[in-house]
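> Quick one, what's the 3D model for this:
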Amino acid sequence: MLAIVDYGMANLRSVQKAFERVGHAAEIISTPEQVRQADRLVVPGVGAFCDAIDLLKKTGLAEAITQHVRTGRPMLGICLGLQLLVDVGYEDGTFDGMHILPGQCVRFTVDQPPHRLKVPHMGWNSIRWTRDVPLFKGLKQGDYVYFVHSYHVVPKDPEVIAATADYGTPFVAAIWKDNIMATQFHPEKSQHVGGVMLKNFAEFSC
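Numbers count the residues shown, from 1 in each chain. Got it, this is the predicted structure:
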């Protein structure tokens, strides 16, 4: 079963429909027991790190997601679903993440000199990768994807970085480590390119 975790902070139907468009049914789930039964898991999200991690921990979903990852089953994080994987997030304070991926989630500083760019970063940007990443099979360097975010992850281990993009300065656009894949951008909003990624995830074998 391909399952999308509902913890109250994502447009779940758009993610579900995006999978359906590439030929893969996805079930929306909301309990730890359902997470434990999933073969592959999608953790999407929009909104604040602090609110999301609080909900995940209170409902037991954080522990269930962590267990899913530890069993080696595939997991895809999208946007906030990537950020929550790290040790700590700094949105409106300092908050523990799920400690699945060593690192931190920090705010863009490109709205300050010398860049003076708008934050949040919103719109289409190209991504580039330096290794063969299963999620990007069939795509080409420089393909464009859709971003909406004010924060980005800084992994402790640079080897987990799967792709980067540039917004005044380079930042992590995606990670890949074993059975864990996660994107800062929204594949479900990235048209054909995003559809290829979702299909690749649905068919990925660890």
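> Burial check on the residue lying closest to Pro170 once chain neighbours are set aside, number of neighbours?
Of all residues beyond its chain neighbours, the one nearest Pro170 is Thr164 (5.0 Å), with distances taken as CB to CB, 6 or more residues apart in numbering. (Glycine included, C-beta is placed from N, CA and C.) Neighbouring residues of Thr164 were enumerated by other CB atoms under 10 Å; the total is 15.
> is it fair to say Thr164 lies in a helix?
No. Using DSSP: H, G, I helix; E, B strand; the rest coil, the secondary structure at Thr164 is strand, not a helix.
> Moving C-terminal from the host helix or strand of Met181, which element do we reach first?
According to DSSP states H and E, Met181 maps onto strand 180-183. Per DSSP H and E, the first helix or strand lying C-terminal to strand 180-183 is helix 191-202.
> roughly how far is that following helix from the heart of the chain?
Mean C-alpha position of helix 191-202 versus that of the full chain (CA atoms, centre = their mean, to the nearest Å) differs by 14 Å.
> sec struct for the nearest residue to Asp92 once chain neighbours are set aside, please.
Take Asp92 and drop its neighbours on the chain: the residue closest to it by CB to CB, 6+ apart is Cys50, 5.5 Å away. Under the three-state scheme (three-state DSSP), the conformation of Cys50 reads as helix.
> Neighbours of Cys50, how many?
Should you count by other CB under 10 Å, Cys50 turns out to have 15 residues around it.
> hang on, it packs against Phe95?
Yes. The pair Cys50 and Phe95 passes the contact test of CB atoms under 8 Å, sitting 4.8 Å apart.
> related to what we said a few turns ago, and the strand holding Met181, C-alpha only, in PDB?
Included here for strand 180-183 are C-alpha records, laid out as PDB according to Å, rounded to 0.1, in the frame of the first residue of the first chain:
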ATOM      1  CA  ILE A 180      14.500   8.000   2.500                       C
ATOM      2  CA  MET A 181      13.700  10.400  -0.300                       C
ATOM      3  CA  ALA A 182      12.500  14.000   0.300                       C
ATOM      4  CA  THR A 183      12.100  17.200  -1.700                       C
END
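> longest strand of this protein?
strand 170-177 (DSSP state E).
> give the contact list for Thr164.
The neighbours of Thr164, taking CB atoms under 8 Å, 6 or more residues apart in numbering as the test, are Ile127, Arg128, Trp129, Pro170, Phe171, Val172, Ala173.
> where does this protein have low pLDDT?
By pLDDT under 70, the chain has no low-scoring segment.
> all strands in it, in order from the N-terminus.
Per DSSP E, the chain carries strands over the ranges 2-5, 27-29, 40-43, 75-78, 88-89, 95-96, 103-107, 121-126, 144-149, 151-155, 161-166, 170-177, 180-183.
> can you pull the buried residues of the last one?
Residues of strand 180-183 classed as buried under the neighbour-count rule (16 or more other CB atoms under 10 Å) are Ile180, Met181, Ala182, Thr183.
> Tell me which residues touch the residue lying closest to Trp124 once chain neighbours are set aside, please.
Closest residue to Trp124 in three dimensions, ignoring its sequence neighbours and counting by CB to CB, 6+ apart: Tyr144, at 4.7 Å. Under the criterion of CB under 8 Å, 6+ apart, the contact list for Tyr144 reads Trp124, Asn125, Ser126, Ile127, Ser190, Val193.
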